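>>> test case, fold it:
(chains A and B)
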Amino acid sequence: MSGSGSVALLQPIPKTAILYAMTKDGSKPKQDNKAQQYGVTPQSVDFNDWYNEVVKKSDLADHSPVAGAMVVRPYGTALWENIQRGLDERFKATGHQNLLFPTLIPMSFIMKEADHVEGFAPELFTVSKIGSDVLAEPYVLRPTSETIIGHMWSGWLNSYRDLPFLHNQWGSVFRAELRTKPFLRTSEFFWQEGHTAHASEAEARHEVRQQLDEYHNFCRDVLALPVVRGEKTASERFAGAENTYSIEGMMRDGKALQSGTSHYLGQNFSRAFEVKFQTKEQREEFAYTTSWGLSSRIIGAIIMTHGDDFGLMMPPRIAPIQVVIVPIGQKDNFDEMVVQGEILASELRRLGLRVRVDGREGVTNGFKYNDWELKGVPVRLELGPRDLESGVVVVKNRNSTHKETLPRAEAVAGMPERLETIHHWLYQRASDFLLENTISVDTYDEFKAAIEAGKWVRAFHCGDPESERQIKEETKATARNIPFDDSEFFAEPEQGVCVHTGKPAAYGKRVLFGRQY
RNA sequence: CGAGGCGUAGCGCAGGCCGGUAGCGCACUUGGUUUGGGACCAAGGGGUCGCAGGUUCGAAUCCUGUCGCCUCGACCA
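Residues are numbered from 1 along each chain as shown, chains lettered A, B, ... in the order given. Prediction:
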C-alpha cells in the first residue's frame, strides 16, 4: 500500500500500535518480540502486511510449495464449509441440483466460443502429456465449466419439456496467477458455479437476477457484508456473456472486492455447443443459459470487511467457533475448571451453538484471550472458581472492550441474541463505512482526488470502453458496476454528462468507480 | 510475464563484502514458581543455511541456473 490515501479511512489505532512507533529513518519499524510472535501489523501501518499476517496467524490458510496455490487449513476450511452449507441450502430451496463435472476439459471445447477463448487463454493450465506420451488433443484444467457443461447438455436436451436445467457444481477451478494472495488471488480457487438453461430469455434473465439477489441476501444476512448489486460495464464483462452482474463489497482500505457474479449468457454457449430443443410449436431453438459463481474469495471479503488491528472478526452466523470458554484456574483446580467449562459449553451447545473450551495448559489466560481475538471468535466466556461459586460468568464480545459479569443462566439464555446483536453490529459498521466512503462527483479532478483518498466514487460515464481504460490508467480505478435501481445502495436515477469525456452519460444513472482487488 | 527486494531452527533475524563446516530472541521439551489481559527462573532438544550445479583442499558466504515469497506494473475472480 502506498501509505497515503486509504489509510485515512481506517479507524483510530488501538494500543497495539504503540508497539510500532516509527523509526527515525521512516522505514518500516521492526516489531518487538511480543508483537512479532503474537500480534499483527496494524491495518493503518500496512494493510497488506496486516492481511497476510492475519491469514497466517489465525490459521486460516498457508502458502503451499506451488506457485500461487494456497493451503486452506482446518479453521479456514470450517469457515468455507459453513459458507457452502448456507449457500447450498439456498440453491436447493430454489430448485437447483448439484452435479459434478471433470476438472479436465478438452482444449477444443475452450476454443469454441470466441470471446471465451480470448478471455481465458492467457491463464489456462494445459495438460499435454500422460506419462511420457504426448496427447493428440491437450486438456486444460477448467478455468470455469460452461464449455463442458454445454457439451453434455446438448446430449441431454431434446424438448422444451426437459427445461429448465438448474445445475450447480461445487469444486475448484484453475486460472494461473503469478501474484498470490491467499483467498484473493490463487491459481486454484474453490467455488460454486451454477449453470442453468432455459426455454426463454425472460426466464433466463430472471434466473440471473434471482441468483445475484441470493448472493446479496446471503452476504447481508449470513456474512454481515453489505454489497452493492449492479451490472458490469462492457469492458468488465465475463468472457462470453451478454450481461454480467456483480455484488461489490468495500474493504477497510477502501478498495472494492467483487464478491460474486451472475451472467446472462444468452445463446452464445448454446450455439457453440448445440444446446437446442424443440419448442411447443415444434420449432428448433437454442437454449438461453446462465452461470453464476461465488468463490472462496468471499473469505477475503470477510477478513477485510470485519477485521481490525486485533485480528479477525467472524460473523457470528458462520463463525466456526461462536463462543469460546476460557476456564480460569490454578494448578490445584485447573482440571476441575476445565470440566466446569465443558459443562457450561454443553449448556450452550443445547441451544445449537458452536462452542470451544480452551483447556490448554501452560499458556496464560491473557495469551488465550488474545489468541481467540485474533481468530475472531465472536464471544468469549471466562469461568473461574469465584464465578462458579457465585453463579456468574464473565462475558466479552469480540467487538467490544468491555467485560460483563452476568448470572450464568442469563448469559447462556441470552447467547443466541447476543450473537445476533454482534451480527447486526458488524453489518451496520460495514454499511456505514461503505456509505461514508463513497461520494458523488461531477468533475474529473474531484474524481481523481476522491480515488486517491481511497474512496469509491459515483460519477456519470459515457460508456466508452476506451474512456474506462484511460481512467484506469490514470487513476487505477475501474467501473465496479452500475448499481441497480432497486438495490439499497446508490439507486437514484439521474442524468448528467460523463465525468471523463464530457459526452452524454450512458445508463441513466451514476456508475460506481473504485480501486479494486 | 517486466522491474526491484528477499529466502539461514516453528516464527523474526544476525552472519555473507574479507570462504574454514552456524548464532541470537521468541516458540518447543523437562523441573520449579506462577495464573481473572500476551508470566518468570533453571536445564535441555532442534538447522547444515530454498533447491541443483560449478569454482575451491574447504562454500551459508563466490559464480550459474532454478523454485518460492513480497512490492510495483501487466492480467484476472
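>>> residue of the stretch 51-200 of chain A closest to RNA strand B, please.
residue A:67 (2.7 Å; Cβ to the nearest atom of the strand). C-beta here means a position set from N, CA and C on the backbone, and glycine is covered the same way.
>>> and the stretch 201-350 of chain A, which residues reach RNA strand B?
A:236, A:238-239, A:258, A:261, A:295, A:297, A:310, A:328-331, A:334 (Cβ under 7 Å from any atom of the strand).
>>> how far off centre is stretch A:274-288?
For stretch A:274-288, the separation from the chain centroid amounts to 37 Å (computed by Cα atoms, centre = their mean, to the nearest Å).
>>> all helices for the stretch 101-250 of chain A, in order.
A:107-110, A:114-120, A:146-156, A:201-221 (DSSP state H, counting those that start in this stretch).
>>> now do the residue lying closest to residue A:119 once chain neighbours are set aside against residue A:229, distance only.
Of all residues not flanking residue A:119 in the chain, residue A:239 sits nearest, at 2.3 Å (Cβ to Cβ, 6 or more residues apart in numbering). With distances taken as Cβ to Cβ, to the nearest Å, residue A:239 is found 21 Å from residue A:229.
>>> once you drop chain neighbours, what's closest to residue A:263?
Residue A:263 sits nearest to residue A:241 (Cβ to Cβ, 6+ apart), 4.0 Å away.
>>> stretch A:431-450: end-to-end distance?
Start and end residues of stretch A:431-450 are separated by 19 Å (Cα to Cα, to the nearest Å).
>>> neighbour count winner among residue A:239 and residue A:229?
More neighbours surround residue A:229 than the other of residue A:239 and residue A:229, with 25 against 18 (other Cβ atoms under 10 Å).
>>> could you give the number of residues near the closest residue to that one other than its chain neighbours?
Residue nearest to residue A:229 in three dimensions, not counting chain neighbours: residue A:487, with 4.3 Å by Cβ to Cβ, 6+ apart. By other Cβ under 10 Å, the residues close to residue A:487 number 17.
>>> surely residue A:487 and residue A:227 touch.
No - in this structure, residue A:487 is not within contact of residue A:227 by Cβ atoms under 8 Å, at 9.0 Å.
>>> between those two, which contacts overlap?
With contacts defined as Cβ atoms under 8 Å, 6 or more residues apart in numbering, the residues adjacent to both residue A:487 and residue A:227 are residue A:216.
>>> mind listing what's buried along stretch A:86-104?
For stretch A:86-104, the neighbour count (16 or more other Cβ atoms under 10 Å) marks A:87, A:90, A:91, A:96, A:101, A:103 as buried.
>>> I'd like to know which elements the strand or helix carrying residue A:54 is packed against.
Assessed by DSSP states H and E, residue A:54 sits inside helix A:47-57. Under the contact definition 3 or more Cβ pairs under 8 Å, 6 or more residues apart in numbering; DSSP states H and E, helix A:47-57 sits against helix A:297-306.
>>> worst-scoring helix or strand of chain A, pLDDT-wise?
Least confident helix or strand of chain A, by mean pLDDT, DSSP states H and E, is helix A:33-38 with a mean of 49.
>>> what about residue A:288, distance to residue A:277?
The spacing between residue A:288 and residue A:277, counted by Cβ to Cβ, is 11 Å.
>>> neighbour-wise, which of these two wins?
Just comparing residue A:288 and residue A:277: by other Cβ under 10 Å the higher neighbour count belongs to residue A:288, 28 against 21.
>>> enumerate every residue touching the closest residue to the more buried one other than its chain neighbours.
Nearest residue to residue A:288 in three dimensions, chain neighbours excluded: residue A:204, at 3.7 Å (Cβ to Cβ, 6+ apart). For residue A:204, the contacting residues are A:196, A:197, A:198, A:264, A:265, A:266, A:288, A:289, A:290, by Cβ under 8 Å, 6+ apart.
>>> what does residue A:227 give?
So residue A:227 contacts A:215, A:216, A:219, A:220, A:247, A:248, A:249, A:259, A:260 (Cβ under 8 Å, 6+ apart).
>>> just give me the closest of the residues you listed to residue A:305.
residue A:249 (6.0 Å; Cβ to Cβ).
>>> can you list the domains in chain A?
Chain A resolves into domains spanning A:5-63, A:70-306, A:323-424, A:435-514 when parsed by automatic domain parsing.
>>> looking at those, which has the lowest confidence?
Set side by side, those give their lowest mean pLDDT on domain A:5-63, at a mean of 58.
>>> interface residues of the stretch 351-500 of chain A facing RNA strand B?
Counting by Cβ under 7 Å from any atom of the strand, the stretch 351-500 of chain A sits next to RNA strand B at A:362-367, A:369-371, A:373-374, A:380, A:382-387, A:394, A:396, A:403, A:472-473, A:476.
>>> weed out the non-buried ones from those residues.
Burial by neighbour count, 16+ other Cβ under 10 Å: within these this picks out A:369-371, A:373-374, A:380, A:382-384, A:387, A:394, A:396, A:472.
>>> of those, which belong to strands?
The strands, defined by DSSP state E, take in A:380, A:382, A:383, A:394, A:396 from these.
>>> now for those: which two are most distant?
Longest span within these, Cβ to Cβ: A:383 and A:396, 12.2 Å.
>>> skipping adjacent residues, who's closest to residue A:243 in space?
residue A:264 (4.4 Å).
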